[in-house]
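>>> From the sequence below, what's the structure:
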Amino acid sequence: MAQALRPRPMRTRPPHPTPNAPGPWWILGAVVALCTGLEALAQASELGLTDGRRWRGALIVNLGFWPGLLENWAANYAVQPWSMFVTYAFVHADFWHMAGNMGVLAWLGPPVARAVGTGRLIVLWFLCAAAGGLVFAALASGPTPMVGASGALFGLLGADAALRQRADPNARRVAQAAVLFAVLNVAGYVMQDGLLAWQAHLGGFLAGLALGASMRMRRTP
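Take a look at the predicted model:
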């Protein structure tokens, strides 16, 4: 015999991670921790606390982006010509360089993290950093190395603008971000007497725009 059953509410998976699951914020904290830790090591060596070891120079030599390694320069270790496309983003020229970049990360990181989630945020960070290195290698002249997280950070700026443009097609988020990009780079170029890796900024920004326009966004309730 057939029997009618009392209907029960269906259980569905929540669109967001459960409260006990790690959210997208841990990657932002990891970037801050790594950049701060490396800078603290460099500062300690400059204060004479590391038995004469010059850590800033060692960090730049081994982790900075050196265009010559893509030509005929000898690498310090086998994977350096490839790993430098990522490692340069965690080393900085001085404390204020690092602090400024971490402040920008605190501004741009949270909205992008909320929009795309952990996995895509990691992909976004590393691809924008790599794109920054690639454009720097293509457009920069001379053997000057490049360090700093700003290539990846400008990638977050581009991604944030593209994501907001998708959410509101009538807005002019991408145009506003492009103007902000130009203003920041012109001002930085003048203030730093030309010692600005605008090429890395450009590569990261363009990669961020493209990725933000194509990435699948997290579901909302």
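
>>> Now do the residue nearest to the spatial centre of the chain against Leu127, distance only.
Nearest residue to the geometric centre of the chain (Cα atoms, centre = their mean): Ala152, 2.9 Å. Here Ala152 is placed at a distance of 9 Å from Leu127 (Cβ to Cβ, to the nearest Å). Where you see a C-beta, it was placed from the backbone N, CA and C, and this is true even at glycine.

>>> mind checking how far Trp25 is from Trp107?
Counting by Cβ to Cβ - Trp25 and Trp107 are separated by 14 Å.

>>> To clarify, my last question referred to Val123.
Computed as Cβ to Cβ, the Val123 to Trp107 distance reads 21 Å.

>>> Likewise for Leu209?
Following Cβ to Cβ, the distance that separates Leu209 from Trp107 is 18 Å.

>>> what about these two, which has more around it?
Set Leu209 next to Trp107 and count neighbours by other Cβ atoms under 10 Å: Leu209 wins out with 24 against 13.

>>> Point out where the protein drops to low pLDDT.
Filtered on pLDDT under 70, the chain yields the residue ranges 1-24, 218-221.

>>> what's the following helix or strand after the longest helix anywhere in the chain?
For the chain, the longest helix by residue count, based on DSSP state H, is helix 95-139. Where DSSP states H and E defines the elements, the next helix or strand beyond helix 95-139 is helix 150-167.

>>> which parts of that following helix are buried?
150-166 (16 or more other Cβ atoms under 10 Å).
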